[in-house]
Structures are given as C-alpha cells and as structure tokens.
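S.K.: no sequence for this one, just the structure:
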C-alpha cells in the first residue's frame, strides 16, 4: 500500500511531462503553419467599379442601354466554363445574348475532385456550381446546366469560353471539353473565346494559321500553337472569334451577335 502511494507523485510527474511535450509539439507545428501561411487580404473588382472606371464609358453604355430587338431569337449558345472563370466575361455576354432572345446553357466539366493527398476540400455546391473570380479573387458561384460529356454540338449554334487565369487551365485538361471544341470546329459553327480562354483552343489544336488575339501574357502561347496573333480588342477569322480582356466584353459580345446574324 505504501509503495503504491509513493508511486503516485511519479506518475503525475510523468503525465505532466508528457503534456508539456505535447504542448511544445503543438506550438512548434503552429509556428511552422504560421510561416507557411500568408496574411489574409480581400481585394476584388466590383462590377460597378469596372463600369465606372475612366475610359470604360462605352462598356457602361453597352450594359445600361436597353436592348430593344430580339436579334438572336431561336439561337442556342453554349458557354464552356469551370472553376476560376472571370465573372464579367461570363455574366456579361450571357446577359446580353439572353437579352437578344438566345437560349444560353452553361456547360461545365464533370465534378472531379483532386486526390485526398492534395489536401483540398470542396463545398457541396461544387457538384452543381462553378466558382467565379475577379482578377484571381474568388467572389461567387453560378449554377451550370449540364456537363461537357452531355453537351451535343448539334444542339448549339455557337460556343463561347470566358477567361480567368484558372478557368482555361481547368478546361484544357478535360477530355470531354476538348472533344466538344474539336467537334464544334469540325462543324464550322462559331467558337468564341476571350482573355485567357484561347489557350483552350490551343490545346484543342485548332489554331494553326488562324488570326486571333488573347490576354497579353498568353499571346506567345497562341503564337507557339501556330496562331497569327495581333493585339486588338476582337479578331474574327472564319468561325473563330477571340478577344483580350474584360474591358473588351462589349466588342466581343457584339462580334458574336454579328456573326450569328449572318447565318
């Protein structure tokens, strides 16, 4: 009995040491985590700020001037997009085409989460929505209508791809998206891409000898894919329309409208 009582302080001391060591490990891990993590900052580009920026008066007028004629009534347009699309480059043309009477479907790759070892987590809505960004800052979600493996070229008169630095990288790796673009190219129907999106056309190998444009830092990639690149707001070459930047959304949208009106 006496021996048992004498051993109690020793056990308490050992347990205390274990707890101290565990706390030291936690503090070390927290210190490492702090060094691996950057400071949180929220910087975005509200649509109102873009439309009201000096030099964008024509872009503002494009959205705020009432659309009076349903020039695209009966036309069907597919929008191919994935997580990381530039918000105004999708919502802007979609709004305009719908105002003109077109039916617009948003088409996304099948939900394909990264392996668990990548350490990523996804909200439940990732299965039915894709994420919008404003210059690399996530800002919201939009529901898609169908997945790329479900989309049929015969159902559409045109396809357009919005930009965003992440969106095209997500699209160009998806075999269903690339096949859809290649089939669309073969049909001679309209393919339109803005900002970073023309790199998806490069991955589909449909740019050789074609005149086009794109965001400034991908223009060399477009040249390497065989394209003839110029720095203009919009370039139309046959059934391919390309554009450079969110500030070109109005010109881009009108170019798509004009092409479809001729068909």
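M.R.: Everything's here; your move. All figures in this text were calculated on a predicted structure; none of them were measured in a lab. Numbers count the residues shown, from 1 in each chain.
S.K.: what sits against the residue nearest the centre of the chain?
M.R.: Centroid-nearest residue in the chain, with CA atoms, centre = their mean: residue 85, separated by 2.0 Å. The neighbourhood of residue 85, defined by CB atoms under 8 Å, 6 or more residues apart in numbering, consists of 130, 131, 132, 133, 162, 163, 164, 166, 167. All C-beta spots, glycine's among them, are computed from the backbone N, C-alpha and C.
S.K.: Bridged to it, which residues?
M.R.: With DSSP bridges as the criterion, residue 85 is bridged to residue 132.
S.K.: Let me see the contact set for residue 160.
M.R.: Taking CB under 8 Å, 6+ apart, we find residue 160 in contact with 77, 78, 79, 80, 93, 191, 192, 193, 194, 241, 256.
S.K.: What's the local residue count around residue 188?
M.R.: When neighbours are defined as other CB atoms under 10 Å, residue 188 has 10 of them.
S.K.: again but with residue 208, I slipped
M.R.: Per other CB under 10 Å, the neighbour tally for residue 208 reads 10.
S.K.: which SS class is it?
M.R.: Assigned by DSSP: H, G, I helix; E, B strand; the rest coil, the conformation of residue 208 is coil.
S.K.: contacting residues for it?
M.R.: Contact analysis of residue 208 by CB under 8 Å, 6+ apart lists 225, 226, 227.
S.K.: Pipe these into TSV and attach secondary structure per row.
M.R.: Formatted as TSV, the contacts of residue 208 follow (three-state DSSP):
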residue	secondary structure
225	coil
226	coil
227	coil
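S.K.: hmm, which of those are the buried ones?
M.R.: 225, 227 (16 or more other CB atoms under 10 Å).
S.K.: Out of the contacts of residue 208, which is nearest to residue 144?
M.R.: Lowest distance from residue 144 to the contacts of residue 208 (CB to CB) belongs to residue 225, with 27.1 Å.
S.K.: Tell me where the model's unsure across the stretch 1-150 of the chain.
M.R.: Residues of the stretch 1-150 of the chain that meet the criterion pLDDT under 70 lie in 1-14, 38-45.
S.K.: Please repeat the previous calculation with a cut-off of 90.
M.R.: Where the stretch 1-150 of the chain drops to pLDDT under 90, the residues are 1-52, 111-123, 125, 134-140.
S.K.: now the helices: where do they sit in the stretch 151-263 of the chain?
M.R.: For the stretch 151-263 of the chain, applying DSSP state H, counting those that start in this stretch gives helices covering 167-172, 175-187, 198-203, 219-224, 249-261.
S.K.: Residue 191 touches residue 156, doesn't it?
M.R.: No: the pair residue 191 and residue 156 does not pass the contact test of CB atoms under 8 Å, sitting 10.5 Å apart.
S.K.: ok now stretch 185-201, how far from the chain's centre?
M.R.: Centroid separation for stretch 185-201 versus its chain: 15 Å, with CA atoms, centre = their mean, to the nearest Å.
S.K.: where's residue 50 relative to residue 143, distance?
M.R.: Separation of residue 50 from residue 143 (CB to CB, to the nearest Å) stands at 23 Å.
S.K.: Looking at these two, which is more packed in?
M.R.: residue 50 (19 against 10).
S.K.: got the contact list for the host helix or strand of that one?
M.R.: Assigned by DSSP states H and E, residue 50 belongs to helix 47-52. Applying CB under 8 Å, 6+ apart, the contact partners of helix 47-52 are 56, 59, 60, 63, 64, 87, 88, 246, 247.
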